[in-house]
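Student: Just a sequence and a predicted model for now, questions to come.
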Amino acid sequence: QIQLVESGGGLVQVGGSLRLSCAASGRTFSTYTMGWFRRAPGKEREFVAKISWSGGRVYYADSVKGRFTISRDNAKNTVYLQMNSLKPEDTAVYYCAADHGWLTSDYRAYDYWGQGTQVTVSS
């Protein structure tokens, strides 16, 4: 079991950048696929990006491809989401989550979740 805590959210203007971090407690962080999801007001939670346990595989939602970069540092038990060229439609609460598998990007497959961090992109 691991606990996840996100940080780095905030208010940014259109075209700006933010870097989210997700710190994990527990010794098994390096065995999990880590994902980022988001939920905008009035919308369902949606997949953003994921990274395999080793960092060797990454996968992005089409809506963020080319703008967001997911990475991880297993020595620090931390996963990151670098967000560039932010748009108003990126406004949401962002969550990190952990899953033992890789095949699915469905949020229901993820076992552990952080509390979320708010990202607001103003125009």
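Tutor: Yes, it's here. Fair warning: this is a prediction, and the values are worked out from it, not measured in the lab.

Student: Count the neighbours of Ala92 for me.
Tutor: 22 (other CB atoms under 10 Å). Every C-beta, even on glycine, is put in place using the N, C-alpha and C of the backbone.

Student: Surely it and Arg38 touch.
Tutor: Yes: between Ala92 and Arg38 there is a contact under CB atoms under 8 Å: 3.8 Å.

Student: can you list residues touching both of those two?
Tutor: Val119 (CB atoms under 8 Å, 6 or more residues apart in numbering).

Student: and the most centrally placed residue in the chain, which of the three is it?
Tutor: By CA atoms, centre = their mean, the chain has its centre lying nearest to Trp36, at 2.3 Å. What DSSP: H, G, I helix; E, B strand; the rest coil gives for Trp36 is strand.

Student: check contacts around it.
Tutor: Per CB under 8 Å, 6+ apart, neighbours of Trp36: 20, 22, 48-50, 70, 79, 81, 94-97.

Student: I'd like these as TSV, with neighbour count and distance to Gln3 appended.
Tutor: Output for these, formatted as TSV (neighbours: other CB atoms under 10 Å; distance: CB to CB, whole Å):
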residue	neighbour count	distance to Gln3
Leu20	23	17
Cys22	26	11
Val48	24	20
Ala49	24	21
Lys50	23	19
Ile70	23	20
Val79	30	13
Leu81	27	18
Tyr94	23	17
Tyr95	23	13
Cys96	30	11
Ala97	23	12
